[in-house]
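Visitor: Provided below are the primary sequence and the corresponding predicted coordinates.
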Amino acid sequence: MKALRVSTTINANIQNEINTSLIFHYLCSNENVYRVRIAEDLGISIPAVSRAIERLIEEGFVIESEKIPTAKGKRAAELSVNTGKGILIGIDLIKNPTRIAVSDFRGTILERRNAFSLTDTTDVISELQSEVERTLEAHASGITATNPAGNLRAICIGTPSAITDTNNPRVLVTLYRSLEGLDLAESLGRKYRIPIYVENIVKLSALAEANFGVAREYDSVAFVEVSNGIGLGIIIDDHQLAGANGASGELGFTLVGAENLQYAAHHRGFLEQHASVEGIVWQAIEAVRKGEQSAMLEMARGVPESITAAMVCQAALRGDPVARRIIDQAVQYLSVGIINMVLILDPRVVVIGGDICRLPGLQELFIEPIRRNAERVVPFPMPPLAVSTLGDEAGIVGASYHAIQSLITSHFPYKLTSLPARASSRASSRAQPRSVKASS
């Protein structure tokens, strides 16, 4: 997004486009409002508001209620986003099984369900097409030969991997070989002829937490996902940081210690290898295979391969020295990664999410030790270390939100950086050029 300074000399057609965009984004954030209030809050004249509203109603983006008779006359008609404009699909490929959500045009989730399991040999394109067809059968309307998606407006796919830039949107640095090099947007877009958005699932989870979860009061958020892999979603000043190649946030590839510079990173980074949920399990299995005595083996009924991350945590909470050593080492590695990230980004809050949040003793074993380590090292006030409130839903909530916002932005590219002050300061806000954002 880039900022525009809008003056009174702007072309009338462009001004109308800007007004329409601002009003629609306003309606997305406010329910059951009317024209006069929109004009007051946005500092746009009532005739200009009416012109924009008529266009939005004609194009089916907005609906207006009938005026309701009252003792004092007719009450103003209320306006709202037309949730029936279409449906959208959000897909989370990092969960196993993968997760799918279907939402209406305002973002209300209509259905959540588990889908296929992702492995190194999964035919991802075929599985995704099957899931889309299942959604179309259950929720879509208006399907024809020339409109194969019907009222399905967009799909957002969250992948457990980095994504190259939009000019070459292929999957790279992935945990699963079945995803490597795929152009999911091109494959599904060619079949359904609708926008297909593909993004790293951790970035989508960060969006969800920043807009609907524990970080919604903050404008700069670092979301750290610790599951089978480790990733980072970065939001600075309410803007998501993508990076030059769209690959920012690969925290799992962080090296700890110069002696590990020779670590060969292929599908799994150094930090993921040692401190992810899966990495903790591997360390535990390897320890008991080497003959180290631990209660974890008894919990797994004598089968090392049956050890789970929850078992490691339970044993550590009981004082098992082997389990405690594994957890402590993972905490040390995670602390280094999070401390370095905080030193570089200085976020207002750090949110911990992913499968780690389901483990017993999360606060005692992970959160508090990481906080103590960080507070000892970081030379400025350490931001709060919060736990995700969306849990397993973060990925599909973020994917649905990203699909809607991307689709809306393609139609309505201008958005206020902040809402003008109301009441006494409203007049002065009208007198100044308006600061808006436009899509690049």
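Guide: Cool, the structure landed. Numbering: from 1, shown residues only.

Visitor: Can you get me a residue count around the residue lying closest to residue 187 once chain neighbours are set aside?
Guide: Excluding the flanking residues, the one nearest residue 187 by C-beta to C-beta, 6 or more residues apart in numbering is residue 125, at 5.0 Å. Heads up, the C-betas are built off the backbone N, CA and C, glycines and all. Counted with other C-beta atoms under 10 Å, residues neighbouring residue 125 total 15.

Visitor: where does residue 125 land in three-state SS?
Guide: Judged by DSSP: H, G, I helix; E, B strand; the rest coil, the three-state class of residue 125 is helix.

Visitor: show me the residues around it that make contact.
Guide: Contacts for residue 125 (C-beta atoms under 8 Å, 6 or more residues apart in numbering) come out as 182, 184, 187, 188.

Visitor: how far away is the residue nearest to residue 45 when sequence neighbours are not counted from residue 46?
Guide: Leaving aside its sequence neighbours, residue 45 sits nearest to residue 39 (C-beta to C-beta, 6+ apart; 6.5 Å). With distances taken as C-beta to C-beta, to the nearest Å, residue 39 is found 5 Å from residue 46.

Visitor: Compare neighbour counts for those two and give me the winner.
Guide: Legend: neighbour count by other C-beta under 10 Å for residue 39 and residue 46, higher for residue 39 (17 against 12).

Visitor: Out of the helices and strands in this protein, which is least certain?
Guide: Lowest by mean pLDDT, DSSP states H and E among the helices and strands of the chain is helix 426-431, with a mean of 32.

Visitor: For the residue nearest to the spatial centre of the chain, give its distance to residue 224.
Guide: The structure's the chain has its C-alpha centroid closest to residue 204; by C-alpha atoms, centre = their mean the separation is 1.7 Å. Computed as C-beta to C-beta, the residue 204 to residue 224 distance reads 14 Å.

Visitor: How about residue 308?
Guide: Counting by C-beta to C-beta, the separation of residue 308 from residue 224 is 22 Å.

Visitor: More neighbours: those two, which one.
Guide: The residue with more neighbours, out of residue 308 and residue 224, is residue 224; 26 against 16, by other C-beta under 10 Å.

Visitor: Quick one: list the elements packing against the helix or strand that one falls within.
Guide: Here residue 224, judged by DSSP states H and E, is contained in strand 221-226. In terms of contacts (3 or more C-beta pairs under 8 Å, 6 or more residues apart in numbering; DSSP states H and E), strand 221-226 is packed against helix 201-212, strand 230-236, helix 321-345, strand 349-353.

Visitor: could you pull out the strands for the stretch 301-440 of the chain?
Guide: 349-353, 385-387, 415-416, 434-438 (DSSP state E, counting those that start in this stretch).

Visitor: Okay, now the sheet partners of the third one, with direction.
Guide: Pointing back at strand 415-416 there. Neighbouring strands of strand 415-416 in its sheet, by DSSP bridges, are strand 434-438 (antiparallel).

Visitor: avg pLDDT for the partner strand?
Guide: In this model, strand 434-438 has a mean pLDDT of 46.

Visitor: Residue 228 is in contact with residue 277, isn't it?
Guide: Yes. Applying C-beta atoms under 8 Å, one finds residue 228 in contact with residue 277, separated by 6.2 Å.

Visitor: residues shared between the contacts of the two?
Guide: With C-beta under 8 Å, 6+ apart, residue 228 and residue 277 have common neighbours residue 355.

Visitor: wait, what's in contact with the residue nearest to residue 45?
Guide: 45, 46, 48, 49.

Visitor: Over to it. Which of the three states is it?
Guide: helix.

Visitor: hmm, who's touching stretch 229-244?
Guide: 1, 94, 160, 165, 175, 200-207, 210, 219-225, 248-252, 268-269, 271-272, 275-276, 278, 334, 337, 341, 345, 347.

Visitor: In it, which residues are buried?
Guide: 229, 230, 231, 232, 233, 234, 235, 240, 241, 242 (16 or more other C-beta atoms under 10 Å).

Visitor: With stretch 124-138 instead?
Guide: Residues 124, 127, 128, 131, 132, 135, 136 are the ones in stretch 124-138 that count as buried (16+ other C-beta under 10 Å).

Visitor: try stretch 359-375
Guide: Residues 359, 365, 366, 367, 369, 370, 371, 373, 374 are the ones in stretch 359-375 that count as buried (16+ other C-beta under 10 Å).

Visitor: now swap in stretch 275-285 and tell me
Guide: 275, 276, 277, 278, 279, 280, 281, 283, 284, 285.

Visitor: go on, stretch 54-64?
Guide: 55, 56, 61, 62, 63, 64.

Visitor: Next, the distance between the ends of stretch 240-248.
Guide: 10 Å (C-alpha to C-alpha, to the nearest Å).

Visitor: Show me what the mean pLDDT comes to for that stretch.
Guide: Stretch 240-248 comes out at a mean pLDDT of 83.

Visitor: Would you mind checking the contacts of residue 39 for buried ones?
Guide: By neighbour count, with 16+ other C-beta under 10 Å, those hold 48, 49 as buried.

Visitor: now the contacts of residue 39 in CSV, with pLDDT and secondary structure?
Guide: Output for the contacts of residue 39, formatted as CSV (pLDDT from 0 to 100; DSSP: H, G, I helix; E, B strand; the rest coil):
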residue, pLDDT, secondary structure
45, 93, coil
46, 92, helix
48, 93, helix
49, 94, helix
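
Visitor: the strands in the stretch 51-200 of the chain, which residues?
Guide: With DSSP E, counting those that start in this stretch as the criterion, the stretch 51-200 of the chain has strands spanning 62-64, 68-70, 73-75, 79-81, 87-92, 99-104, 109-114, 152-159, 161-163, 171-174, 196-200.

Visitor: before we move on, back to that, put the buried members of the contacts of stretch 229-244 into a ChimeraX selection.
Guide: To isolate in ChimeraX the members of those that are buried, counting by 16+ other C-beta under 10 Å, one can use:
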select :1,94,160,175,200,201,202,203,204,205,206,207,210,220,221,222,223,224,225,248,249,250,251,252,268,269,271,272,275,276,278,334,337,341,345,347
